[in-house]
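1. Based on what follows, work out the 3D shape:
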Amino acid sequence: MVLNSIEKLIAKYENGETTLKEEQQLKNYFSQETVPPHLEVYKSMFQYFLYTHEEQFTKDVPLKSKKTYSLYQWISVAAVAVIMLGIFTQIDFKSQSRTLADLTPQERVEYEEAKEVFTLVSSKLNQGSENLMALNMVSANFDKGADNIAYLGEFSKKTNKFLKTN
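-> Just a heads-up that it's a prediction; the model follows:
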């Protein structure tokens, strides 16, 4: 009867459903000298729990935290401050937008020349992209021809099988 109840308590213990009182019963049972052979594996585990429960930590735990500020921490704070100062001084608080009418005659001439250069570069880039389109068409036709040759090879194999020629 006792063995049957112990086995039920072990099953409950393995499922995590035991109470503290039931676990104490298990510890007391396995602290005996004789335990049935099929429960021998549990004996060492429960004896370990029984003895470790009595252990106490005896070392002193320091409660003061040591705060040491190293040189590297202060260097990182100074670096952030320098970066923020640099960004702050580069901001233009009086941003003025200029129109074409505000430009001097020399600046207008330079503006028009720059516009012409950009137009020329743009037209040359467009010509290059048209040539690439032609190459893409040739490449697509080449791929289509390669596919047709593959179909022709398959047709030839089937015909040779049908006619039984090698």
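
2. so which strand or helix has Leu9?
-> In the assignment (DSSP states H and E), Leu9 maps to helix 2-15.

3. following the lowest-mean-pLDDT helix or strand in the chain, which helix or strand shows up next?
-> Per-element confidence for the chain was summarised using mean pLDDT, DSSP states H and E. The lowest value among helices and strands belongs to helix 40-52, with a mean of 77. Sequence-wise, the next helix or strand beyond helix 40-52 is helix 71-90, with elements assigned using DSSP H and E.

4. mean confidence for that following helix?
-> Taken as a whole, helix 71-90 has a mean pLDDT of 84.

5. which helices and strands does that helix pack with?
-> On a contact count with 3 or more C-beta pairs under 8 Å, 6 or more residues apart in numbering; DSSP states H and E, helix 71-90 meets no helix or strand. Placement of C-beta: from N, CA and C, glycine included.

6. for this protein, which spans come out with low pLDDT?
-> When residues are selected by pLDDT under 70, those of the chain lie in 1, 53, 65-69, 92-97, 165-166.

7. Show me how it divides into domains.
-> According to automatic domain parsing, the chain comprises the domains 2-52, 104-163.

8. Out of these, which is the most enclosed?
-> Per residue and on average, the most neighbours among the domains of the chain fall to domain 2-52, with a mean of 12 (mean count of other C-beta atoms under 10 Å).

9. Using CSV, lay out the domains of the chain together with distance to Ala78.
-> Below are these laid out as CSV (distance: least, C-beta to C-beta, whole Å):
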stretch, distance to Ala78
domain 2-52, 52
domain 104-163, 42
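
10. what's the closest of the ones you listed to Ser76?
-> For these, distance to Ser76 was read as C-beta to C-beta. The smallest value, 44.1 Å, belongs to domain 104-163.
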